[in-house]
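# Kindly generate the corresponding structure for this input.
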Amino acid sequence: MWYFYVSYGTLFLCMIISIWAQFKVKSTFAKYDKVYSLKGHTGLSAARQILDRNGLSHVRLEVISGHLTDHYDPRANVIRLSESVANSYSVAAIGVAAHECGHAIQYAEEYKPIVFRNAIVKSTNFCSRISFLLIFAGVLITAIYETMGNLGMVFVYSGIIAFAAVAFFQLVTLPVEFNASRRALAIINEQGILKEEERAGARKVLTAAAMTYVAALVVSLLQLLRLILIFGRRD
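Here you go, the predicted model:
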């Protein structure tokens, strides 16, 4: 009975954590998206100023559709800002734009955690694609061919290891994201992009965004625990 409660309890907890993290970042952004910068910066103009003053005038800025779809693409050397960030004068938008500039600066300075993360991203994506395929194949082999149960479990354990690699990647991502936010807040302060009373709002937005990465790691670890419980018990 304990196995049932732990297995499905972790699944339910994963759902709650994911929903909470998404709600937190969206509600915090919505709150401070209504607080407008007194200095008149948009997310786009703030990003351009930050990049230029850090010797990154070659990094392009693009406006893309969507909401909070902002990211830095190191391959194209471009920061893509969502319309809700690029064209907004809000404290929230400026905080998000500065965060993405923080990533560009990390790459320019060859910040070790982001260099390491970049080195393992392809293998991690591969592990993410095959992890549950391996587990499913292992279960199928075991169910159809009873004499091949050991081979089936090899597939299953390989899938669990692949999933563990994805969780490790999310762990590596944490210092990268927290560092980008710290850089963003420091730059906002140094360059006077926001007034002192506005910076608290930007900090809360970036903290909420960082929590989504913490939540993703916790969810992955709980899912990994659930897989180990399921197949460890079966074995």
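# least trustworthy helix or strand in this protein by mean pLDDT?
Within the chain, no helix or strand scores below helix 2-32, which has a mean of 80 by mean pLDDT, DSSP states H and E.
# Show me what the helix or strand following it is packed against.
Next in sequence after helix 2-32, counting helices and strands by DSSP states H and E, comes helix 43-53. In this structure, helix 43-53 makes packing contacts with strand 60-64, strand 78-82, helix 83-86, helix 91-109, judged by 3 or more C-beta pairs under 8 Å, 6 or more residues apart in numbering; DSSP states H and E. Any C-beta I mention is one placed from the backbone N, CA and C, and that applies to glycine too.
# list the buried ones in the third one?
Put plainly, it is helix 83-86. Buried residues in helix 83-86, counted by 16 or more other C-beta atoms under 10 Å: Ser84, Val85, Ala86.
# quick check, distance from it to the centre of its chain.
19 Å (C-alpha atoms, centre = their mean, to the nearest Å).
# for it, packing partners?
In terms of contacts (3+ C-beta pairs under 8 Å, 6+ apart), helix 83-86 is packed against helix 43-53, strand 60-64, helix 91-109.
# can we see that at 7 Å?
With contacts taken as 3 or more C-beta pairs under 7 Å, 6 or more residues apart in numbering; DSSP states H and E, helix 83-86 sits against helix 43-53, helix 91-109.
# Number of residues surrounding Asn118?
By other C-beta atoms under 10 Å, 14 other residues sit near Asn118.
# Hmm, I typed the wrong one, I wanted Gly40.
Based on other C-beta under 10 Å, the number of other residues close to Gly40 is 8.
# For the nearest residue to it once chain neighbours are set aside, give its distance to Ile17.
Distances taken as C-beta to C-beta, 6 or more residues apart in numbering place Tyr89 nearest to Gly40, at 6.5 Å, with adjacent residues excluded. Using C-beta to C-beta, to the nearest Å, we find Tyr89 at a distance of 33 Å from Ile17.
# just for the protein, where's the confidence low?
The model of the chain has pLDDT under 70 over residues 1-8, 146-149, 233-235.
# top helix in it by residue count?
In terms of residue count, the longest helix belonging to the chain (DSSP state H) is helix 149-190.
# that older thread, residue contacts, the residue nearest to Gly40?
Neighbouring residues of Tyr89 by C-beta atoms under 7 Å, 6 or more residues apart in numbering: Tyr36, Ser37, Gly40, His41, Thr42.
# and among the helices and strands packed on helix 43-53, the most buried is which?
Highest mean neighbour count of the helices and strands packed on helix 43-53: helix 91-109, a mean of 25 (counted as mean count of other C-beta atoms under 10 Å).
# Output the contacting helices and strands for that one.
Under the contact rule (3+ C-beta pairs under 7 Å, 6+ apart), helix 91-109 is packed against helix 2-32, helix 43-53, strand 71-73, strand 78-82, helix 83-86, helix 149-190, helix 196-234.
# rerun at 8 Å
Contacts defined by 3+ C-beta pairs under 8 Å, 6+ apart place helix 91-109 against helix 2-32, helix 43-53, strand 71-73, strand 78-82, helix 83-86, helix 112-144, helix 149-190, helix 196-234.
# Cheers, nothing more for now.
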